[in-house]
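**Student:** Here you go, sequence then predicted model.
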Amino acid sequence: MTERSEQIEKSVLGTMLAENYLITDSEVKIDFFISHIHKNIFSCMQD
């Protein structure tokens, strides 16, 4: 994972936390994330 892709994943997750409706309204899927940590965070956000 490159530093750039990690920053992008963090930005996506941070935006979703700030704008909660994006968690369910966006078409982002868990497979879009490379980092296992980010996949876990996204999975928890969806629950």
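**Tutor:** Received it, and whenever you're ready, just let me know what you need. It should be emphasised that the depicted structure is a prediction, and the values quoted were computed from it without experimental measurement.

**Student:** all contacts plus neighbour counts: C-alpha atoms, from now on.
**Tutor:** Fine.

**Student:** Next, name the residue at the spatial heart of this protein.
**Tutor:** Leu13 (3.8 Å; Cα atoms, centre = their mean).

**Student:** In this structure, spot the helix with the most residues.
**Tutor:** helix 3-18 (DSSP state H).

**Student:** Which is the succeeding secondary structure element to that one?
**Tutor:** helix 21-25 (DSSP states H and E).

**Student:** which regions of the chain lie under the pLDDT threshold?
**Tutor:** Applying pLDDT under 70 to the chain flags no residue at all.

**Student:** in stretch 27-43, what's buried?
**Tutor:** Phe33, His38, Lys39, Phe42 (16 or more other Cα atoms under 10 Å).

**Student:** Take those residues and keep only those in helices.
**Tutor:** In helices, defined here by DSSP H, the members of the buried residues of stretch 27-43 are His38, Lys39, Phe42.

**Student:** Report the contact partners of the nearest residue in space to Asp31 that is not next to it in sequence.
**Tutor:** Nearest residue to Asp31, sequence neighbours excluded (Cα to Cα, 6 or more residues apart in numbering): Lys39, at 7.6 Å. Lys39 sits next to Ile30, Asp31, Phe33 when contact means Cα atoms under 8 Å, 6 or more residues apart in numbering.

**Student:** Good, we can wrap up now.
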